[in-house]
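> Just a sequence and a predicted model for now, questions to come.
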Amino acid sequence: MRIKIRRDLLQYLLQLARDFYPNEFGGFLREKDGIFEEVLIIPKGYFGKESIYFDTWLLPHDENIKGTVHSHPGPSSQPSQPDKKFFSKFGGVHVIISYPFKEWSVKAYNSEGVEIEIEIID
């Protein structure tokens, strides 16, 4: 399996990770024609150094939301146990951006926590 993401969205996500550092940030990825093109930042979220909390009732009903994204302030892009629990509830694709927030530190996972390939689209 492979996901496709626009380069400008990826650059924006990397900048968000830098801006929120040393805290995590999180959002939902909107897909159009098989390519992730937009991010919705979690409304009224708590963005801490080790976790993110948000009220799922505040999420819009949007059939184009097909994934999630969040940052890890540390160097590991591996999903934690709470990440895997979250992945199983929301399904789809899950992107983790780890420090130092460069393209090579971005990983994607399926709902079981298995890494999947990322294709960057210009």
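Received it, and whenever you're ready, just let me know what you need.

> element containing the spatially most central residue of the chain?
When C-alpha atoms, centre = their mean is applied to the chain, the residue found nearest the centroid is Val69 (0.8 Å). Using DSSP states H and E, Val69 maps to strand 65-72.

> residues making contact with that strand?
If you take C-beta atoms under 8 Å, 6 or more residues apart in numbering as the criterion, strand 65-72 is touched by 3, 13, 16-17, 20-21, 24-31, 36, 39-40, 52, 59, 83, 86-87, 90, 92-99, 101. Where you see a C-beta, it was placed from the backbone N, CA and C, and this is true even at glycine.

> May I have the strands that pair with that strand, each with its orientation?
Next to strand 65-72 in the sheet, as set by DSSP bridges, lie strand 26-32 (antiparallel), strand 93-98 (parallel).

> Output the ones you listed as a markdown table; include the columns mean neighbour count, distance to Arg7 and mean pLDDT.
A markdown table is the format used below for those (neighbours: other C-beta atoms under 10 Å; distance: least, C-beta to C-beta, whole Å; pLDDT from 0 to 100):
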| stretch | mean neighbour count | distance to Arg7 | mean pLDDT |
| --- | --- | --- | --- |
| strand 26-32 | 19 | 14 | 93 |
| strand 93-98 | 23 | 14 | 96 |
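
> mind giving me TSV with the ones you listed and columns for distance to Val106?
As requested, those are exported to TSV (distance: least, C-beta to C-beta, whole Å):
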stretch	distance to Val106
strand 26-32	12
strand 93-98	5
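
> closest to Asn64 out of those strands?
Asn64 sits nearest to strand 26-32 of all the strands paired with strand 65-72, at 4.8 Å, using C-beta to C-beta.

> Show residues contacting that closest one.
If you take C-beta under 8 Å, 6+ apart as the criterion, strand 26-32 is touched by 5, 13, 16, 36-42, 45, 47, 52, 54, 59, 62, 64-71, 93, 95.

> which of these are buried?
Those of the contacts of strand 26-32 that meet the buried threshold are 5, 13, 16, 36-37, 39-40, 42, 45, 47, 52, 54, 65-71, 93, 95, by 16 or more other C-beta atoms under 10 Å.
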